[in-house]
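Chemist: Would you be able to build a 3D model of this:
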Amino acid sequence: MSKYNKKSKEYTLKYVKENYDEIKLRLPKGSKDDIKKHIDLYKDNLPASEQTMSGYIKASINEKIKNEYQYNISLLKDVEKCDNHH
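Modeler: Here you go, the predicted structure:
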């Protein structure tokens, strides 16, 4: 490996360490292949950012968080409506 490539790799590793969190995810055997098959099946309908395993998992997590947030907001609005009627 040339000196440049080694320096480039060191820089990349340092950048990733400083700018990203890493989460190890354990799933039942076969889950990884199932997710890959799903991504491949729907690849034409997915944004480019979701066409990798990592991108698809990140998007799925973000969607779940968004849905739960919206659900909680709707619950709070319902509570406020009840409070305003009393």
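Chemist: which residues of this protein fall in helices?
Modeler: 3-19, 31-42, 53-85 (DSSP state H).
Chemist: Which one of those lies nearest to Leu25?
Modeler: Leu25 sits nearest to helix 53-85 of all these, at 7.3 Å, using CB to CB. All C-beta atoms are positioned from the backbone trio N, CA, C, and that covers glycine.
Chemist: follow-up on the earlier one: output the helices of the chain in TSV; the columns should cover mean pLDDT and distance to Leu25.
Modeler: TSV is the format used below for the helices of the chain (pLDDT from 0 to 100; distance: least, CB to CB, whole Å):
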stretch	mean pLDDT	distance to Leu25
helix 3-19	90	17
helix 31-42	96	9
helix 53-85	86	7
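Chemist: Could you save those as a markdown table and add columns showing mean neighbour count?
Modeler: Listed next are the helices of the chain as a markdown table, based on neighbours: other CB atoms under 10 Å:
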| stretch | mean neighbour count |
| --- | --- |
| helix 3-19 | 9 |
| helix 31-42 | 12 |
| helix 53-85 | 11 |
